[in-house]
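[1] Following is a predicted model, sequence given first.
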Amino acid sequence: MSYSWSFWSVAILMGKDCMTFPTIIFYALGGIGPSFIALILVFVLYDKEQKQDFKARTVQIKRLGIKWYFVMFILVIVPIFLSMFIASLIWDDITFIEELSTFSFAVMMPFYLSFLVAAVLMEEFGWRGLALDQLQANYSSFTSSLMVGIIWSLWHFPLYFIKGTFHNSLGFGSVEFFLYSLDIIPGAIIYTWIYNNNDRSILSAIIFHFLGNFISEMFEIQMRVQFVRLFFSISIALVLVIVYGKENLKNIKT
């Protein structure tokens, strides 16, 4: 985390938009922190067998059962739609159709897609590929998930002070800030469940992370809808812990 925060601190001090030169350099260098540090540690500390395992967990598509592509898609899209619908029932000034109408094709532009892919790759080798894997060797899957989730949430904090970032638009200390930060923690439990049930597949985490970012970026999800969405994230995480057990968060038949 200190690696990313060091570069992002420079970007903050520059006081310029994150996409302007040279701020973008420090913004990007900070962003690659989790995966960059993880890959260095794998290269330096892992033996040959461990390195081969890490590579296999990254590239082997066969680790993911076909059903898991549908499961990951449903876990992203259904809570968003249900949150919009339930919010429209609770608050009179929110309508389900209007929320759906915020859909934008801009996220499908090649540049935007490339940015989303890069953003995911800059994180998942670190969060799931190394951190979660090492933590689960000493702690339960539930505890490991909470630890990764808290660190992952804190890791984003400097981004709230860099002009032009999504996080900066939320505002540090705002309601949106707390909703976003808290949602990461139950989300980490869901990631672990997917990761563990796909033979520790880093690729599964990469795909799920991309789907989450991609579909979320399609809609302008307002604060009250986000509040309902947080409720769903916590509920899903609790159900997974109850059904699969906090020790492994895994189907024993998998």
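    Nice, I can see it.

[2] only C-alpha atoms for contact and neighbour calcs from this point on.
    Fine.

[3] Which residue ranges of the protein form helices?
    2-14, 23-31, 33-45, 48-59, 66-90, 96-100, 110-124, 133-135, 141-155, 166-170, 175-196, 202-217, 223-244 (DSSP state H).

[4] Of the ones you listed, which is nearest Asn251?
    helix 223-244 (6.2 Å; C-alpha to C-alpha).

[5] For the chain, list the residue farthest from the centre, please.
    Asp92 (31.3 Å; C-alpha atoms, centre = their mean).

[6] Which residue is the nearest non-sequential neighbour of Met223?
    Leaving out its chain neighbours, the residue that sits closest to Met223 by C-alpha to C-alpha, 6 or more residues apart in numbering is Glu176, at 6.1 Å.

[7] need the contact list for the one you found.
    Counting by C-alpha atoms under 8 Å, 6 or more residues apart in numbering, Glu176 touches 170, 223, 226.

[8] Quick one, which of those residues are buried?
    Burial by neighbour count, 16 or more other C-alpha atoms under 10 Å: within the contacts of Glu176 this picks out 170, 226.

[9] Let's have the contacts of Glu176 in TSV, adding pLDDT.
    Shown next, in TSV, are the contacts of Glu176 (pLDDT from 0 to 100):
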residue	pLDDT
Leu170	93
Met223	87
Gln226	93
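
[10] Quick one: residues contacting the residue most central in space within the chain.
    Residue closest to the average C-alpha location in the chain (C-alpha atoms, centre = their mean): His209, at 4.9 Å. Residues near His209 by C-alpha under 8 Å, 6+ apart: Val120.

[11] And it, how close does it get to Tyr191?
    In this structure, His209 and Tyr191 are 8 Å apart, going by C-alpha to C-alpha, to the nearest Å.
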